[in-house]
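Trainee: this is a predicted model, with the sequence first.
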Amino acid sequence: MKLGLNLGYWQRHGDDATESVLAAERLGYDSVWTAEAYGSDAFTPLAWYGARTTRIKLGTSIAQISARPPVTTAMTAMTLDHLTGGRLLLGVGASGPQVVEGWYGQPFAKPLARTREYVEIMRTVWRREEPVIGEGPHYPLPLPGGPGKPLKLITHPLRADIPVYLGAEGPKNVALAAEIAEGWLPLFAFPSKIEEMYGASLADAPDGFDVAAMVMVVISDDVRAALDGVKMMLTLYIGGMGARHRNFHADIIGRMGYAEAAEHIQALYLAGRRDEAFRAIPDELADGISLVGPPGRIRERLEPWRRSPVTSLLVMGPRDEPTLKIVRDLVLG
């Protein structure tokens, strides 16, 4: 199992995690990942960290496809991959209707078809075999009826096969990742349930396909307090990170076997009863998707992850070098 550090996106204030990234590189972490929602973007911090490191891989988890046309993401990825000596791992995803329509002002229709088309265009850009023509309905290139003509990327990419990961939660999205991408980035993973939930979707994944699961890690002797930290995160995602009738995060919690709880939590949250929503998060759910407690407890709870389809563990939470070292020793030792 490979080990990565997931920094997420900035919260209220800027977050220069250079010291954490340097520590992770010294300790042998395979990768570091940044994210975006509607605050900091995913690529700029990676360029910052890439300029200060030499080995660690640099991943976006995820870059939202509605934020940029596919050729823009392809250009950005090619540039960053060149500058960092071929270290980019490009995670992309459709996000959700609340962000896509509310922040980017783009329609959210047909996310699977749009994702497929998006990735096809990026790969065409990087291969440079011919001018880029987008024949699909979502990203037509050149624009029909206009003066534009098909163009080919000026710069020769360092790699024509930049690894693409998909952020996906539904079974069809995961199957798409197994078909067209090099990896899958699950946000919430319950290791003992992955095979049941996604076994069919992953059945045709090629050798080397990377299931890079994000997992919140809290090393503490106070298990109750650590679980409460996970529950706070779940309260926000289940309750507020989606529209009332279309919340992919609540849906995935439902598929884990907590559908009734997810519906109740979302209803409480949207009614402004956030403390009650927090208390409604089952401890079993919070514990199942995270690694919390003293090192001995975490070592035991790593076993289901090792038996699962997960091939990379992207830890969220630890930042200081001593804690990162403990995590490294637990996962890789």
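Mentor: That came in fine, so what should we check first? Numbers count the residues shown, from 1 in each chain.
Trainee: need the per-residue pLDDT for the nearest residue to residue 110 once chain neighbours are set aside.
Mentor: Excluding the flanking residues, the one nearest residue 110 by C-beta to C-beta, 6 or more residues apart in numbering is residue 138, at 7.2 Å. Quick note: C-beta positions are derived from backbone N, CA and C, even for glycine. pLDDT for residue 138: 96.
Trainee: is it fair to say residue 166 lies in a helix?
Mentor: No. Read with DSSP: H, G, I helix; E, B strand; the rest coil, residue 166 is strand and lies in no helix.
Trainee: which secondary structure element of this structure has the lowest mean pLDDT?
Mentor: Counting by mean pLDDT, DSSP states H and E, the weakest-scoring helix or strand in the chain turns out to be helix 248-253, with a mean of 84.
Trainee: what does the next helix or strand after that helix rub up against?
Mentor: The helix or strand immediately downstream of helix 248-253 is helix 259-270, counting by DSSP states H and E. With C-beta atoms under 8 Å, 6 or more residues apart in numbering as the test, helix 259-270 has contacts from 234-235, 238-240, 244, 247, 250-251, 253-254, 274, 276-277, 280-282, 285.
Trainee: which ones are touching the residue lying farthest from the centre of the chain?
Mentor: Here the chain reaches farthest from its C-alpha mean at residue 147, the gap being 37.7 Å by C-alpha atoms, centre = their mean. Contact partners of residue 147, counting by C-beta under 8 Å, 6+ apart, are absent.
Trainee: using the three-state scheme, assign it.
Mentor: Strictly by three-state DSSP, residue 147 counts as coil.
Trainee: how much space between it and residue 70?
Mentor: Residue 147 is 21 Å from residue 70, where distance means C-beta to C-beta, to the nearest Å.
Trainee: repeat for residue 17
Mentor: 28 Å.
Trainee: same deal with residue 273?
Mentor: 41 Å.
Trainee: gap between the two ends of stretch 183-191?
Mentor: 17 Å (C-alpha to C-alpha, to the nearest Å).
Trainee: run the chain-centre distance for that stretch.
Mentor: 8 Å (C-alpha atoms, centre = their mean, to the nearest Å).
Trainee: let me see the mean pLDDT of it.
Mentor: 95.
Trainee: got a list of contacts for it?
Mentor: 61-62, 89, 91, 93, 163-169, 174, 177-178, 194, 197, 202, 209-215, 237, 249, 252-253, 256, 285, 288-289, 304-305, 307-308, 310, 312, 314.
Trainee: tell me where the protein has strands.
Mentor: Secondary structure of the chain (DSSP state E): strands at 2-6, 31-34, 57-60, 63-64, 88-93, 164-167, 183-185, 210-219, 290-293, 312-316.
Trainee: give the other helices and strands that the fifth one contacts.
Mentor: This means strand 88-93. strand 31-34, strand 57-60, strand 63-64, helix 70-83, helix 111-127, strand 164-167, strand 183-185 (3 or more C-beta pairs under 8 Å, 6 or more residues apart in numbering; DSSP states H and E).
Trainee: hmm, try it at 7 Å
Mentor: strand 57-60, strand 63-64, helix 70-83, strand 164-167 (3 or more C-beta pairs under 7 Å, 6 or more residues apart in numbering; DSSP states H and E).
Trainee: now the ones you listed in a markdown table, with mean neighbour count?
Mentor: Shown next, in a markdown table, are these (neighbours: other C-beta atoms under 10 Å):
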| stretch | mean neighbour count |
| --- | --- |
| strand 57-60 | 25 |
| strand 63-64 | 25 |
| helix 70-83 | 20 |
| strand 164-167 | 24 |
